[in-house]
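> need coordinates for the below:
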Amino acid sequence: MLRVGLTGGVACGKSTVAKMFAALGAEVVDADKIVHQLYEPGERVYDELVKCFGPEILRADNRIDRARLASAAFDGGRIQELNKIVHPAVVRRQEEWIYEVKSRQPQAVAMVEAALILEAGARNRFDKIVVVTCLPEQKVARYAARSGLPEAASREEVERRTRAQMPDQEKVRRADYLIDNSGSLETTRLQVERTYAELKALAISNL
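Numbering: from 1, shown residues only. Reported below is the predicted structural model:
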């Protein structure tokens, strides 16, 4: 099996690329979906976040409002506190998932899609790192399209999140494989196909 980290900056198209890898046969898990699960009432992470950031991060139904939490963490300069609570729990869930994949498919390409793999110092947990990039203006346009926010608000949010992440140039420098998602979907798909062929060969040779 091959453990692969799929990462990139905000709104660069990680999810689109992840779906392409999955369509080719990769086993893919989205770290953001794991976070959603950990934020549910009754989870230890939920309790720790409410204790740390206060009930102000909760909606009327007592579920965590991710926008409020992000504002408290990013604007309040408390991103490290958030990461300290969330990251270890996410890693544990990822490791459980990887173990399950390996037990049923020893030749799998097990891919974790996550924004902060490199920032979190998790590079050594993966055999290979795939970085997705696109142009800065495309990030703003794509974020606006998916969030429904106007361009000015989308630009502000993209810039805020980008400041909390490693620069794209540094991500590219640390990548084993690069997917340039600034062109057409077909151009991106061809890159994914070439990359997956290499990753699958490595997964088989790792047996």
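> how about Ala73: what's its closest non-neighbour residue?
With CB to CB, 6 or more residues apart in numbering as the criterion, Ala73 has its nearest non-adjacent residue at 4.1 Å, and that residue is Leu82. C-betas here are computed from N, CA, C, even on glycine.
> other SSEs contacting the helix or strand containing that neighbour?
Using DSSP states H and E, Leu82 sits within helix 79-104. Applying 3 or more CB pairs under 8 Å, 6 or more residues apart in numbering; DSSP states H and E, we find helix 79-104 packed against strand 27-30, helix 31-38, helix 44-53, helix 66-74, strand 109-113.
> 10 Å instead?
The contact analysis (3 or more CB pairs under 10 Å, 6 or more residues apart in numbering; DSSP states H and E) places helix 79-104 against strand 2-8, strand 27-30, helix 31-38, helix 44-53, helix 66-74, strand 109-113.
> which of the ones you listed comes out lowest on mean pLDDT?
Looking at these, the lowest mean pLDDT belongs to helix 66-74 (a mean of 90).
> in that helix, what's buried?
Under the neighbour-count criterion of 16 or more other CB atoms under 10 Å, helix 66-74 has Leu69, Ala70, Ala72, Ala73, Phe74 buried.
> which residues are in contact with that helix?
32, 35-36, 39, 49-50, 52-54, 56-59, 65, 78-83, 85-86, 157, 160-161, 163-164 (CB atoms under 10 Å, 6 or more residues apart in numbering).
> just the buried residues of these.
Applying 16+ other CB under 10 Å to these flags 35, 39, 49-50, 52-53, 57-58, 65, 79, 81-83, 85-86, 157, 161, 164 as buried.
> leaving out sequence neighbours, find the closest residue to Val45.
Leu38 is the one closest to Val45 (CB to CB, 6+ apart), at 4.0 Å.
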